[in-house]
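**Student:** please find the sequence and the predicted model below.
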Amino acid sequence: MKYNEGDNFITHTVLEAYEITFNISKEEIIFGSESEFEELLLGFFSNMFRLVSRRNLDVDMHRYKNVLLPKS
């Protein structure tokens, strides 16, 4: 069986059974503990910053000329 984008590969019934069996929330089953999720996000944003900071920001600046910057 092939899953389409957006389909759930874990059924609601399975999630409920795991939630009861392991005594953790459905969110924790999917995303991990709060500290694991925080670590994942930190790594993600650190990597994104590293990629952006290496880019020459003068290139393609015409694409961003209409972007409003916060007033200081």
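**Tutor:** Good, I have the coordinates.
**Student:** check the offset of the longest helix along the chain from the chain's centre.
**Tutor:** Of all segments of type helix in the chain, defined using DSSP state H, the longest is helix 34-54. In terms of C-alpha atoms, centre = their mean, to the nearest Å, the centre of helix 34-54 is set 10 Å apart from its chain centre.
**Student:** show me the contact partners of it.
**Tutor:** The list of residues contacting helix 34-54 from outside it, by C-beta atoms under 8 Å, 6 or more residues apart in numbering, reads 31-32. In this view, the C-beta of every residue, glycine as well, is placed from N, C-alpha and C.
**Student:** could you redo the last one with a cut-off of 6 Å?
**Tutor:** Applying C-beta atoms under 6 Å, 6 or more residues apart in numbering, the external contacts of helix 34-54 come out as F31.
**Student:** what bits of this structure have low per-residue confidence?
**Tutor:** Residue ranges of the chain with pLDDT under 70: 1-3, 5-6, 57, 64, 67-72.
**Student:** measure R55 to F49 for me?
**Tutor:** Summarising the geometry, the distance separating R55 from F49, computed by C-beta to C-beta, to the nearest Å, is 11 Å.
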